[in-house]
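Colleague: give me the fold of what follows.
(chains A, B, C and D, ligands or ions: 4)
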Amino acid sequence: MTTNDRLRLVRDMVRIRCAEETLADLYRDEQLMRTPTHFSIGQEATAVGVCAATRRTDVVYSAHRSHAPYLAKGGDLHALVAELYGKATGCAGGRGGSVHLVDHAAGFGGSAAILGEMIPVAVGAAWAFAMEGAPRVALTFFGDGASEEGVFHESLNFAALHRLPVVFVCENNQYSIASPLSARQPAGTSIWQRALGYGMAASRIDGNDVFAVHEAARGAVEAARAGHGPHLLELDTYRWREHVGPNWDEDGAYRTHAEVASWMGRCPIRVAADALRAEAPSIDARIDTWRAECAEEVARAVDFARAGAFPDVTDLLSGVYEPQPLAATTGRN
Amino acid sequence: MTTNDRLRLVRDMVRIRCAEETLADLYRDEQLMRTPTHFSIGQEATAVGVCAATRRTDVVYSAHRSHAPYLAKGGDLHALVAELYGKATGCAGGRGGSVHLVDHAAGFGGSAAILGEMIPVAVGAAWAFAMEGAPRVALTFFGDGASEEGVFHESLNFAALHRLPVVFVCENNQYSIASPLSARQPAGTSIWQRALGYGMAASRIDGNDVFAVHEAARGAVEAARAGHGPHLLELDTYRWREHVGPNWDEDGAYRTHAEVASWMGRCPIRVAADALRAEAPSIDARIDTWRAECAEEVARAVDFARAGAFPDVTDLLSGVYEPQPLAATTGRN
Amino acid sequence: MRKLTYWQAISEATVQCMAEDPAVFVAGEGVDDDKGIYGTTRAAFERFGPTRVIDVPNSENATAGIAVGAAAMGRRPLIVHSRADFLFLAMDALVNLAAKWRYMYGDQGGVPVVTRAVVGRGWGQGATHSQSLQSVFGHFPGLHVAMPASPADAKGLLVQALRAQTPTLLLENRGLYRMAGEVPEEAVAVPFGRGRIARPGTDVTVVAASLMVHEAERAADLLAEQGISVEVVDVRSVRPLDEELICASVARTGRLVVADTSWARYGLAAEVAAVVAENVFDALRRPVRRVTPPDCPAPVSHPLEEAFHPTADRIAAACLEMVDGGPSQVRKLSDVTAGFVGPY
Amino acid sequence: MRKLTYWQAISEATVQCMAEDPAVFVAGEGVDDDKGIYGTTRAAFERFGPTRVIDVPNSENATAGIAVGAAAMGRRPLIVHSRADFLFLAMDALVNLAAKWRYMYGDQGGVPVVTRAVVGRGWGQGATHSQSLQSVFGHFPGLHVAMPASPADAKGLLVQALRAQTPTLLLENRGLYRMAGEVPEEAVAVPFGRGRIARPGTDVTVVAASLMVHEAERAADLLAEQGISVEVVDVRSVRPLDEELICASVARTGRLVVADTSWARYGLAAEVAAVVAENVFDALRRPVRRVTPPDCPAPVSHPLEEAFHPTADRIAAACLEMVDGGPSQVRKLSDVTAGFVGPY
Ligand SMILES: Cc1ncc(C[n+]2csc(CCOP(=O)(O)OP(=O)(O)O)c2C)c(N)n1
Ligand SMILES: Cc1ncc(C[n+]2csc(CCOP(=O)(O)OP(=O)(O)O)c2C)c(N)n1
Ligand SMILES: [Mg+2]
Ligand SMILES: [Mg+2]
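Modeller: Ligands and ions are numbered 1, 2, ... in the order given. Below is the predicted model of the structure:
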């Protein structure tokens, strides 16, 4: 990786951080984004490190914590913000909200709010690529909590059985809402090791080290593309804000200020900047510049979102099906 | 284990074999047992070896291939046969059929026809025992095919997390209906190893060697009882007859005569008899005697079943709920 | 009588039933959480601790099967889901096993698994966080399914469920938790299968459950100003369903509106209409009207969401249309749950 | 026109659609099996081999989600379940994701996953191997759900499903596979949402789907002997539902019987009754009757099973009751599927 490549990873993290922090403030203050929203603040290295290892033609699916994967894969920022504002100009036309982002042009296949739901979807996409002989890879982001869903295992089994080009990206942020891993998975075990039971390649990486994530992801994505089958990446990281919503919640109800602070000390942007300082001494100034650029970009996106029209209420029923007549009597299908 | 204990295991296998062979003949010839029936002929060592390691107060659940676990746990033979004939005297009053056997007095908690369904049920029973501090163990029989259901993994995770007294008994007979393992699970992997991903004790045993099965099961059951948590036993075995029904199906459609013959050469009764011959030279004569005794017992059970009344059609609606009035107008709840 | 909110009534029922029966325990994702599922499980956790109010992994299917197994061994599990939509993952265990257990195993005992599930609504809950599955579960013999509308019923039906031998689903609408009402101090059971006349009237019958009972009552208030008398029937449980009460009301009024939070097709509204068509069709003076969400998934965008959820206004309009010679318009109401403020 | 059995018609549709569109593939537990799901997938396997007719692990939830992913990338999966009861395990992916996909992601394309599922019946299939889930899936906007009664419709509706952009569930009753009927040689699509008058009549309307259409026709034959003229409406698809056809028929006859293989509560029979109560209530001269299984799980024991499944006899009796002054009894018929011989 060249220094420029590495700088680009940092820039992408800064951009996502800046976008999410701005959106969190607006979300809290304005109360105009009426959609349950799960911020990735503190977890940017996973999305950025992984997505930078993909091509535009590869397709990424994610769970509810979706802004970072969407933006990292190249999803349109304007369309994201408009979606949060519920506007017709949103990436899902205002119908889906924060948990149902999509950008086909960028290769972001969709995010979903039901735990584990997109894991088999990525496997199915990979199966389609394998059937076509297309050199494409499917990826799916999900949390440590989602790995407890049976469909996670069913999906791993199927992907390994057919050696499909799919990369399972588990963002292990240690919690499922307020439940720590220790309340949900047996002590002394880990998620990546379960993949070994399917004969699948798997690795555990420091998810706050964007370069390590990127290197592992590149290996996994290219191996998948070359027909060597699936890979599971378990990326240890941490969310700074509350599970859903813009606030901080280090009040001891389920985690302490000290725990949050220690992870903030390992901020993925700071970790990357520190690692780069020797080869790019101007890194801090660059970060400031990027932050300013991104603030402007986000401001424009917010303006765009605000200016957009709400979906027309008369369109409430359109798009349930491909166009077809409803029953004349009752307007139902 | 004393020689007598070992002889009793053989006797139990002979009894189950004899019962199932007789029932298979009647099932085919009379067409009076109108219930899809999955025989365990050839797989007797798993049920007998495992159940002999349990106490009456322990509870066993099974999947559709349920006669052998039911009988091995001490389930009433008369009530089994009557159930197959659909009689009110059946163990489930004729309502459940072959796939819904139950005998609470014997500690046979139930069998079910949906793959994987009884796996969490055994975990829940074990949880109840743990909550009560009762020295009881729950066990669940299921096939290699059922281990592909997500609920298998969810159940393992939960059992390991809470170190529950449950033993997972996977009868790996190499097939799910006509699908070989190779079409369903990744090459080079095995079911027992997946349990290791939950930090659970697990072992793979020759499922046609009743003594090996018994020893492993005793260890697993007693460890569970002592609070050391769950265990998964993968028992390699083979069914001789077709998946469902009384016939042979070694016609090459999905398996060959040679394959079936090779497993019949490793008949669990013959394997056990050979192993015992040195310490119990009369083993073959004993087997003949047992067979004769069991034939009589089964004949009596068949007479009992035939003599029993069908459930009264006027009782069709009873037992859906604890007694309660139906809607006066339509007889519905 | 003293008043409690809906969530307090559920909390109190849980604590009282746990105190009276040591076999009762609560399990679910986040039930031990600070927020305690809108407060409903918090008091139980504080009083009985983590051995009886137990957080579980995100494994809805296994959790339901585990509850069946625990119930088969004499425990009384109360499983809680923060959204009813997650029940699809638990449906095999609940419908193929729990519902059929007693019958299929020859009536030798049931598995009284009690499941509470929250129906989301508002603040962009969207297509997969706002579904109310009463008809989907209500279709299956062997289950009880209830939708308490008042704090008293929220308590009484839960008490009944935790004492009886039937697997039961209780659907609770998020919009109800902060509503207050009179609730008996004691743990008094409310039987399943008996509806209640939430408000007597003579011109039109509105049959509803859960949140829609309140919308119907608000519609009734509105129409009373115009001299139209609406009878509101709260079915309380959708299985068993109190056919007699519904039919008796329609026999009196001759007009039926059914209001429901789920879709019309194969929904609660369909069943109520069918019961009337079977039993008192000749009392009907007007076509039956179903007031339900339109035939689309729940959208997120605020104006669409507002148009999606059925309200008092739409119930009132449906009633008005039926009453010959009545006024053609009434003033507009705001949503009964409009008090909710974000962020969520 | 040449005749095919129901299973042959499905097989032919599958082969023709696979030949016409290389994106179509078949997946399911045992679809590559010798027996080929009652023969329906065998010809496809023989012609297109294991890369397009693919056995899958016993993982119904993942299989459904995988189908959604494959469809999102332009493939056309046809998933087959040997029993509809297994669909509970696939319900999250089908209802929470496939059904909502187009709408929830802003109408940028759908995921045309086609699912075939066999409804069992007879030979002690029992409580968990004989359920027909039309109303459970039919409740949800975004899906198409059909229940072909004839070989021609089995072919035509499958062709339509495999060419359209909507996630679709096709429920096939096991008792129909060996029935023969005229089937066009070409792959001609039958549209969803258009029912058919299976038999015209003037005295009573019987609305049914799938196997119950045949039971209704047999009941009609029987009653014709008594001078009673029964009109049989085959709805073909339960979502969309052909309300116009149903209402037009009832408007003519003034009498409605709905016959269904699933329970009355919240079932197809409820919905049809509701549609009539909404639109042509004043045409009704008699109370609506639902002929469905009684309110219990399916029992195994033969006499109970016989009493459980609704038959031509019960339909005929329901019609008779409605026709004023008609005879009070008709001769007894045997079950339309009585030809099935075991062992199973
Ligand atoms: C099937 C299902 N069960 C429960 C939930 C409720 N829920 C939403 S997010 C969440 C936590 C998930 O934790 P994890 O997968 O680790 O992701 P994180 O939020 O930590 O990123 C839960 C339990 C859900 N959306 N879907
Ligand atoms: C959820 C579900 N899917 C599919 C089936 C159909 N089915 C019945 S038995 C069986 C084979 C199961 O194989 P295995 O678990 O290995 O048990 P075996 O029959 O070999 O003893 C299948 C697929 C089912 N009963 N339940
Ligand atoms: Mg997490
Ligand atoms: Mg097997």
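Colleague: residue contacts, C:Asn61?
Modeller: By C-beta atoms under 8 Å, 6 or more residues apart in numbering or on different chains, C:Asn61 lies in contact with A:Gly150, B:Pro120, B:Gly150, B:Val151, B:Glu154, C:Leu89, C:Ala90, C:Asp92, C:Ala93, D:Leu89. C-beta: built from backbone N, CA, C; applies to glycine.
Colleague: surely the fourth one is in contact with B:Gly116?
Modeller: Yes. Taking C-beta atoms under 8 Å as the contact criterion, B:Val151 and B:Gly116 are neighbours in contact, 4.6 Å apart.
Colleague: which residues of chain A lie near ligand 3?
Modeller: A:Gly143, A:Asp144, A:Gly145, A:Asn173, A:Tyr175 (C-beta under 5 Å from the ion).
Colleague: cutoff 8 Å now
Modeller: Contact residues, chain A versus ligand 3 (C-beta under 8 Å from the ion): A:Gly143, A:Asp144, A:Gly145, A:Ala146, A:Glu171, A:Asn172, A:Asn173, A:Gln174, A:Tyr175, A:Ser176, A:Arg239.
Colleague: just send these back as CSV, with pLDDT too.
Modeller: Conversion of the residues of chain A next to ligand 3 to CSV gives the following (pLDDT from 0 to 100):
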residue, pLDDT
A:Gly143, 98
A:Asp144, 98
A:Gly145, 98
A:Ala146, 98
A:Glu171, 98
A:Asn172, 98
A:Asn173, 98
A:Gln174, 98
A:Tyr175, 98
A:Ser176, 98
A:Arg239, 98
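Colleague: and the residue of chain A closest to ligand 4?
Modeller: A:Asn157 (15.3 Å; C-beta to the ion).
Colleague: and the gap between the closest residue to ligand 3 within the stretch 101-250 of chain A and A:Asn172?
Modeller: In the stretch 101-250 of chain A, the residue that lies nearest ligand 3 is A:Gly143 (3.6 Å; C-beta to the ion). Going from A:Gly143 to A:Asn172 by C-beta to C-beta, to the nearest Å gives 7 Å.
Colleague: which one of these two has more residues nearby?
Modeller: Between A:Gly143 and A:Asn172, A:Gly143 has the larger neighbour count (other C-beta atoms under 10 Å in any protein chain shown), namely 26 against 23.
Colleague: who does that one form a beta bridge with?
Modeller: Here A:Gly143 sits in beta bridges with A:Glu171, going by DSSP bridges.
Colleague: so how far is A:Val50 from it?
Modeller: Distance from A:Gly143 to A:Val50, by C-beta to C-beta: 14 Å.
Colleague: dihedrals phi and psi, C:Asp234?
Modeller: phi -100, psi 110 (degrees, to the nearest 10).
Colleague: that one touches C:Arg196, doesn't it?
Modeller: Yes. A contact is recorded between C:Asp234 and C:Arg196 when judged using C-beta under 8 Å, the distance being 5.1 Å.
Colleague: settle it for me: which of the two has more neighbours?
Modeller: Between C:Asp234 and C:Arg196, counting by other C-beta under 10 Å, C:Asp234 is the more crowded of the two (26 against 18).
Colleague: state the pLDDT value of that one.
Modeller: Here the pLDDT value assigned to C:Asp234 is 98.
Colleague: helix/strand/coil for whichever residue of the stretch 1-150 of chain C sits closest to ligand 4?
Modeller: Across the stretch 1-150 of chain C, no residue is closer to ligand 4 than C:Asp92, which sits at 19.7 Å (C-beta to the ion). What DSSP: H, G, I helix; E, B strand; the rest coil gives for C:Asp92 is helix.
Colleague: so who does the residue lying closest to C:His144 once chain neighbours are set aside touch?
Modeller: Leaving out its chain neighbours, the residue that sits closest to C:His144 by C-beta to C-beta, 6 or more residues apart in numbering or on different chains is C:Thr168, at 4.2 Å. C:Thr168 makes contact with C:Pro112, C:Val113, C:Val114, C:Thr115, C:Leu143, C:His144, C:Val145, C:Ala146, C:Ala161, C:Phe192, according to C-beta under 8 Å, 6+ apart.
Colleague: what's the spacing between A:Gly227 and B:Leu233?
Modeller: Distance, A:Gly227 to B:Leu233, using C-beta to C-beta: 36 Å.
Colleague: please, which helix or strand holds A:Tyr61?
Modeller: Using DSSP states H and E, A:Tyr61 falls within strand A:59-62.
Colleague: measure whatever residue of the stretch 101-250 of chain C ends up closest to chain A to chain B for me?
Modeller: Using C-beta to the nearest C-beta, the closest approach of the stretch 101-250 of chain C to chain A is made by C:Gly124 at 3.7 Å. C:Gly124 is 29 Å from chain B, where distance means C-beta to the nearest C-beta, to the nearest Å.
Colleague: run the chain-centre distance for stretch C:145-163.
Modeller: Centroid separation for stretch C:145-163 versus its chain: 9 Å, with C-alpha atoms, centre = their mean, to the nearest Å.
Colleague: what comes into contact with stretch A:179-193?
Modeller: With C-beta under 8 Å, 6+ apart as the contact definition, stretch A:179-193 has outside contacts at A:144-145, A:147-148, A:170, A:172, A:174-176, A:202-204, A:232-234, A:254, B:157, B:160-161, B:197-200, C:29-30, C:33, C:55-58.
Colleague: again, only this time at 7 Å
Modeller: For stretch A:179-193, contacts defined as C-beta atoms under 7 Å, 6 or more residues apart in numbering or on different chains pick out A:144-145, A:147-148, A:170, A:172, A:174, A:176, A:202-204, A:232, A:234, B:157, B:160-161, B:197-199, C:30, C:55, C:57.
Colleague: circling back to that earlier point, can you tell me which residues contact the residue of the stretch 101-250 of chain A closest to ligand 3?
Modeller: A:Ala63, A:Arg65, A:Glu171, A:Asn173, A:Ser176.
Colleague: and for C:Ile246?
Modeller: Contacts of C:Ile246 (C-beta under 7 Å, 6+ apart): C:Gly195, C:Val207, C:Val233, C:Val272, C:Val275, C:Val276.
Colleague: what about A:Glu296, distance to ligand 3?
Modeller: 32 Å (C-beta to the ion, to the nearest Å).
Colleague: quick check: phi and psi on that residue?
Modeller: phi -60, psi -50.
Colleague: what backbone torsions are found at the residue in the stretch 201-344 of chain C that ligand 2 sits nearest to?
Modeller: Residue of the stretch 201-344 of chain C nearest ligand 2, by C-beta to the nearest ligand atom: C:Tyr266 (23.9 Å). For C:Tyr266, the backbone dihedrals (degrees, to the nearest 10) come out as phi 60, psi 30.
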